[in-house]
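>>> Just a sequence and a predicted model for now, questions to come.
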Number of protein chains: 2
Amino acid sequence: MVLHGYSMSSASYRVRIALALKRIDVTTVTKQLRRGEHRLKDFLELNPQGFVPVLELDDGRTIAQSLAIIEYLDELHPQPALLPSSPFERARVRGMALLIACDIHPLNNLRVLQYLETALGQAASVRDTWYRHWIEEGFKALEDMLGRDASRGRYCHGESPSLADVCLVPQVFNARRFSVDLSPFPRIVAIDAACRELAAFSGAAPEKQA
Amino acid sequence: MVLHGYSMSSASYRVRIALALKRIDVTTVTKQLRRGEHRLKDFLELNPQGFVPVLELDDGRTIAQSLAIIEYLDELHPQPALLPSSPFERARVRGMALLIACDIHPLNNLRVLQYLETALGQAASVRDTWYRHWIEEGFKALEDMLGRDASRGRYCHGESPSLADVCLVPQVFNARRFSVDLSPFPRIVAIDAACRELAAFSGAAPEKQA
């Protein structure tokens, strides 16, 4: 399999973590987003949306969308499981992952930041405030969820990393990059630290990529 | 079970379709988002994020995030299935659903439109152009995906409605509401029409709610 990704893309980062947790080897092809390589015809053949990551299977078929890729990997390579076994707990983990993947990350995507700057003529400072705002809104809710639930533990859900942690760590990375004050989110900070003690998480970090 | 939702919320609309396809009866509680009812303390107890939909189970536990709710329903009530049986096809359907649920819908959420107007002082016309832009970007890619794949059929994936259709129909509803020109998207328009011939889809439409 080939993973088409980009070191700084947090959706690619999620997939790198999942692959490492499951010890699945893939070939990695890097797309330089800032040079527009994801907009070239060859890549649009693989993914009409022009987004990374894309997982290209050995038979040439492709899967886009990081959460779809990770659920696919989890179905084909069930151990270690990235979702709990009970439907309610699976929903809890998916809910936390989607809070990040739907309600934080897409608002801060490169194309959105570029739209703010070019189409709306906003200053870099306004763009950065926007960026922090959506992280802070999402993290407030997530911090609350992590604290109130009976399933709390070392990770987002209990004592082993799940799809929620796979999404959280890249989002915390982004938060730090944009100087979000993380002091109101001690549970998130502790879970991020616990995850990054694992080689699968630390090795998937942007700064560790070629 | 109780579904906390709102007629015009497209994430609530998705869950209404899924419940109807599976013929699951729930009690519906409406939150008037424009009056801020989702920001009241009682509701934040159910969902710290303050978003609808929330599915409240008979034992009082809650599930947030529409896709997490729908996957939960699909696991507990497998027929009719909203995901195909093969992992690759499941990934294809989830990928299309996530294209809408991550890369279109959150950018056009009420809170984001309000931020554009209040924090960024943008005119209603700029906000509406923004709204249409993200739908058009997403629909271009989706239209391409729907055409090229061997699994094309009456619906997004083959001959029965799936999670992708459950997300598509509310998004097309929003597109029409904001006067998006749908003529470049004939496959999307045809699939939307095919879905709305089914009572589960037509009965879940915002204008059919109390």
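Sure thing, it's come through.

>>> Just give me the longest helix of chain A.
In chain A, assigned by DSSP state H, the helix with the most residues is helix A:124-148.

>>> got the angle for the next helix or strand after that one vs helix A:124-148?
Beyond helix A:124-148 in the direction of the C-terminus, DSSP states H and E gives the next helix or strand as helix A:163-177. Going by axes from the mean of the first three to the mean of the last three CA atoms, to 10 degrees, helix A:163-177 is angled at 140 degrees with respect to helix A:124-148.

>>> where does the closest residue to residue A:77 other than its chain neighbours fall, phi/psi-wise?
Nearest residue to residue A:77, sequence neighbours excluded (CB to CB, 6 or more residues apart in numbering or on different chains): residue A:22, at 4.7 Å. Every residue, glycine included, has its C-beta placed from N, CA and C. When read as degrees, to the nearest 10, the backbone of residue A:22 gives phi -90, psi 0.

>>> Quick check: residue A:185 vs chain B, distance?
13 Å (CB to the nearest CB, to the nearest Å).

>>> any chance you could map the helices in chain A?
Under DSSP H, chain A gives helices at A:10-21, A:41-46, A:66-76, A:87-103, A:110-117, A:124-148, A:163-177, A:186-196, A:199-202.

>>> worst average pLDDT in those helices?
Note on those: lowest mean pLDDT is at helix A:41-46, with a mean of 86.

>>> Dump the C-alpha coordinates for it into PDB.
Coordinates of each C-alpha in helix A:41-46 appear next as PDB, following Å, rounded to 0.1, in the frame of the first residue of the first chain:
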ATOM      1  CA  LYS A  41      -3.800  16.100 -12.500                       C
ATOM      2  CA  ASP A  42      -2.100  12.800 -11.500                       C
ATOM      3  CA  PHE A  43      -3.100  13.300  -7.900                       C
ATOM      4  CA  LEU A  44      -6.700  14.400  -8.700                       C
ATOM      5  CA  GLU A  45      -7.000  11.000 -10.500                       C
ATOM      6  CA  LEU A  46      -6.300   9.400  -7.200                       C
END
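
>>> could the helices of chain A go into JSON lines alongside mean neighbour count?
Formatted as JSON lines, these follow (neighbours: other CB atoms under 10 Å in any protein chain shown):
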{"stretch": "helix A:10-21", "mean neighbour count": "25"}
{"stretch": "helix A:41-46", "mean neighbour count": "13"}
{"stretch": "helix A:66-76", "mean neighbour count": "23"}
{"stretch": "helix A:87-103", "mean neighbour count": "24"}
{"stretch": "helix A:110-117", "mean neighbour count": "16"}
{"stretch": "helix A:124-148", "mean neighbour count": "18"}
{"stretch": "helix A:163-177", "mean neighbour count": "23"}
{"stretch": "helix A:186-196", "mean neighbour count": "17"}
{"stretch": "helix A:199-202", "mean neighbour count": "17"}
